[in-house]
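# Below is the sequence, then the predicted model.
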Amino acid sequence: MKLGLTYNDVLLVPKRTTLNSRSEADVKTRFTKNIHLNIPLVSANMATVTEHKMAISMAREGGLGVIHQFGTIEEQVHEVKKVKRSTSYVIENPLSVTPNITIAKAVEMMKTEGVTSLLVKSCEELVGIFTSKDYQFEEDYTKLISEVMTTKEKLITAPFGISLDDAKKILHNNRIEKLPLLEEGKVRGLITTKDLKRLEFWPQAARDKRGRLLVGAAVGVKDTLERAQALIEAGVDVLILDLAHAHSDLAIQRLKELKSNFKIDIMVGNIATSEAAKDLIEAGADGLKVGIGPSPVCTTRIISGAGVPQLTAIMDVYSAAKQYNIPVCADGGMKYPGDVSKALAAGASSIFSGSFFAGTEEAPGMIIFKDGKRYKKYMGSASYESNHERKESKDGKEVKERLDVFVEGVSNLVDYKGPVSEVINGLVKGLKSGISYCGGNNILEMQQKAEFIQITSSGWLESGSRGQKISE
């Protein structure tokens with residue numbers, strides 16, 4: 001009978017390092033065949049973990065957020081669009097309106113789309129721009145925006161294709177914040193000072209070729225093609241075909257359909273064996289997500305009796321995936337920063353987590369006060385509570401009767417952690433230290449040089465902190 005090991009069963013053996021400082025370690029990686037990240041951290045597609053706020057923060061730090069699929073197609077598309085519009089080198093095809101709509105309607109559109117300005121066009125010709133400054137002291141919102149907008153005569157414009165350095169000079173010299181880009185008199189783009197500042201403030205951000213933040217989105221096996229089509233049109237960078245047991249005929253069929261219809265990287269999960277890895281790669285997978293039941297809010301192993309301890313699962317999947325040069329993502333089971341190092345040393349190129357990022361400021365949901373402490377709700381995707389909330393959202397009304405659903409998850413309260421950037425910073429520092437201890441300079445060298453040692457329960461106890469808690 002094969003032995004299965006998880007993170008607490010092993011430690012990494014320290015090796016001689018060439019690094020002068022742990023901060024020199026390079027943590028760049030691949031998420032899928034063609035998606036590169038500056039840090040190997042990905043927030044899970046869970047309703048209490050990743051919507052647009054989390055995805056934006058993850059990408060700004062160099063990682064990735066995967067928008068969950070537990071809503072309508074329109075809702076998921078809206079979340080993706082918010083991420084893609086949050087920052088870019090040039091906003092191509094910026095939102096525009098006609099001059100005969102009211103201030104109230106324009107303001108509502110700006111709030112809905114998450115933007116601070118609208119270009120005003122008449123028959124494709126730019127006639128003005130409407131920003132928050134145009135209505136901040138206005139009392140009559142029934143007025144047409146043509147009465148308050150900044151007209152074309154007062155606008156500074158530039159030709160489409162202008163360099164960022166030249167655009168900065170125009171914005172600075174004219175003391176303006178928005179620069180419409182024209183081509184043959186038609187609006188082709190928009191550059192804003194806010195976006196340029198973001199480019200400088202988050203130099204490590206994970207971006208696409210147009211400077212927009214990277215974002216992923218999950219799809220299931222029911223409305224797969226329809227949802228994928230809408231997400232791709234919204235600008236999503238990578239799709240995750242997500243189901244509890246992805247080594248199935250249905251998952252392979254859906255994967256083949258996606259690959260034959262769309263040109264986009266697709267990660268598939270979850271799996272736990274080399275056989276699953278081989279079958280899914282041959283069906284077209286660009287990345288594999290590993291983890292059957294390791295999450296603290298997943299009860300698959302208890303309910304079904306099935307699963308593979310996570311470290312062994314990563315190693316098994318990696319043994320097959322490396323023959324095809326397909327990246328592996330470790331999903332779940334990590335409790336400490338050191339677990340990230342162990343997962344990557346075992347063969348993963350990135351880690352996928354809900355528990356690390358749940359409870360942060362950017363995670364969906366309200367802060368709950370209980371016994372003098374702050375918490376947020378963290379629900380497993382297969383928990384009863386998550387199923388119940390999805391049912392109420394789908395029906396648009398309160399559901400009082402208990403649902404007859406198959407449950408393989410639980411719901412917890414987790415400590416409120418503050419900004420996710422602080423969590424990410426701690427995880428990255430731990431990983432860089434792990435790379436140094438393995439004698440590597442980057443993740444690939446870490447994997448090549450890593451040596452695991454199996455430990456006893458006493459060895460794990462010895463590894464824990466033994467300091468006395470002196471305050472809250």
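Everything's here; your move.
# I67 contacts H52, correct?
Yes. With contact defined as CB atoms under 8 Å, I67 reaches H52; the gap is 7.3 Å. No exception for glycine: its C-beta is placed from N, CA and C like everyone else's.
# quick one, which of those two is more surrounded?
More crowded of I67 and H52, by other CB atoms under 10 Å: I67, with 29 against 23.
# which residues touch that one?
45, 50-52, 55, 76, 79-80, 83, 215-218, 236 (CB atoms under 8 Å, 6 or more residues apart in numbering).
# now those in TSV, with distance to L413, pLDDT and secondary structure?
Formatted as TSV, the contacts of I67 follow (distance: CB to CB, whole Å; pLDDT from 0 to 100; DSSP: H, G, I helix; E, B strand; the rest coil):
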residue	distance to L413	pLDDT	secondary structure
N45	21	96	coil
T50	19	96	coil
E51	19	96	coil
H52	24	96	helix
A55	23	98	helix
Q76	26	97	helix
E79	24	97	helix
V80	29	97	helix
V83	27	95	helix
V215	28	98	coil
G216	27	98	strand
A217	27	98	strand
A218	24	98	strand
V236	31	98	coil
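# Return a PyMOL selection command for the buried portion of those.
Only the buried entries of the contacts of I67 go into this PyMOL selection, using 16 or more other CB atoms under 10 Å:
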select buried, resi 45+50+51+52+55+76+79+80+83+215+216+217+218+236
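# Closest one of the contacts of I67 to N441?
G216 (27.8 Å; CB to CB).
# What backbone torsions are found at the closest residue to Q454 other than its chain neighbours?
Counting by CB to CB, 6 or more residues apart in numbering, Q454 lies nearest to V10, which is 5.6 Å off, once chain neighbours are set aside. According to degrees, to the nearest 10, the main-chain angles of V10 amount to phi -140, psi 160.
# sorry, back to before: find residues that contact each of I67 and H52.
With CB under 8 Å, 6+ apart, I67 and H52 have common neighbours 79-80, 83.
# Turn the residues you listed into a markdown table, columns for distance to E362.
Converted to a markdown table, those look like this (distance: CB to CB, whole Å):
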| residue | distance to E362 |
| --- | --- |
| E79 | 13 |
| V80 | 16 |
| V83 | 12 |
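# in stretch 312-323, what's buried?
By 16+ other CB under 10 Å, the buried positions in stretch 312-323 come out as 312-318, 320-321.
# To clarify, my last question referred to stretch 176-183.
For stretch 176-183, by 16+ other CB under 10 Å, it's 176, 178-182.
# Could you do stretch 64-77 as well?
Neighbour count says stretch 64-77 has 64-71, 73, 76-77 buried, by 16+ other CB under 10 Å.
# same deal with stretch 450-463?
Applying 16+ other CB under 10 Å to stretch 450-463 flags 450, 452, 455 as buried.
# As a markdown table, those residues with pLDDT would be great.
Formatted as a markdown table, the buried residues of stretch 450-463 follow (pLDDT from 0 to 100):
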| residue | pLDDT |
| --- | --- |
| A450 | 97 |
| F452 | 98 |
| I455 | 97 |
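# how about those in JSON lines, adding secondary structure?
What follows is the buried residues of stretch 450-463, written out as JSON lines (DSSP: H, G, I helix; E, B strand; the rest coil):
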{"residue": "A450", "secondary structure": "coil"}
{"residue": "F452", "secondary structure": "strand"}
{"residue": "I455", "secondary structure": "coil"}
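# my hunch is that L182 is in a strand, does that hold up?
Yes. Counting by three-state DSSP, L182 is found in a strand.
# on that earlier part again, quickly name whichever of the buried residues of stretch 312-323 is closest to F31.
A321 (13.2 Å).
# check contacts around that closest one.
So A321 contacts 277, 281, 288, 327-328, 347 (CB under 8 Å, 6+ apart).
# quick revisit: what about the residue nearest to Q454, how many neighbours?
18.
# Tell me where the stretch 1-150 of the chain has helices.
52-60, 73-85, 103-113 (DSSP state H, counting those that start in this stretch).
# In contact with the closest residue to K342 other than its chain neighbours, which residues?
With sequence-adjacent residues excluded and distances taken as CB to CB, 6+ apart, K342 is closest to Y7, at 5.2 Å. With contact set as CB under 8 Å, 6+ apart, Y7 has these partners: 310-311, 333-336, 338-339, 342-343.
# tell me which of the buried residues of stretch 450-463 is nearest to T193?
Comparing those against T193 with CB to CB places A450 closest, at 45.5 Å.
# From V317, how far off is that closest one?
The gap separating A450 from V317 is 16 Å, by CB to CB, to the nearest Å.
# before we move on, what about E79?
29 Å.
# And for Y336, the neighbour number?
15.
# Which helix or strand lies directly C-terminal to the worst-scoring helix or strand of the chain on mean pLDDT?
In the chain, no helix or strand scores lower on mean pLDDT, DSSP states H and E than helix 384-395, which sits at a mean of 55. Read in the C-terminal direction, the helix or strand following helix 384-395 is strand 411-415, with elements assigned using DSSP states H and E.
# Could you list the paired strands of that following strand along with their orientation?
Sheet pairing for strand 411-415, assigned by DSSP bridges, gives strand 373-379 (antiparallel).
# mean confidence score for the partner strand?
The pLDDT scores in strand 373-379 average 89.
# Name the residues of that strand that are buried.
So, applying 16+ other CB under 10 Å, buried residues of strand 373-379: 375-379.
# Touching that strand from outside, list them.
Contacts of strand 373-379 (CB under 8 Å, 6+ apart): 46-49, 297, 354-355, 358-360, 363, 365-369, 385-386, 389, 409-416.
# ditto for stretch 215-232
31, 42, 45, 55, 59, 64-69, 73-74, 76-77, 79-80, 83-84, 235-243, 250-251, 254, 257-258, 261-262, 264, 267.
# how long is it end to end?
End-to-end distance of stretch 215-232 (CA to CA, to the nearest Å): 11 Å.
# Kindly report the same for stretch 65-84.
End-to-end for stretch 65-84, by CA to CA: 12 Å.
# With stretch 305-316 instead?
Across stretch 305-316, first to last residue, CA to CA, it's 19 Å.
# Could you do stretch 105-124 as well?
Where stretch 105-124 begins and where it ends lie 20 Å apart, using CA to CA.
# Stretch 184-199 now?
End-to-end distance (CA to CA), stretch 184-199: 28 Å.
# sorry, back to before: mind putting the contacts of A321 into a markdown table with distance to L3?
Putting those into a markdown table (distance: CB to CB, whole Å) gives the following:
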| residue | distance to L3 |
| --- | --- |
| A277 | 20 |
| I281 | 26 |
| L288 | 22 |
| P327 | 26 |
| V328 | 20 |
| G347 | 17 |
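# Export the residues you listed to a markdown table and append columns for secondary structure.
Converted to a markdown table, these look like this (three-state DSSP):
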| residue | secondary structure |
| --- | --- |
| A277 | helix |
| I281 | helix |
| L288 | strand |
| P327 | coil |
| V328 | strand |
| G347 | coil |
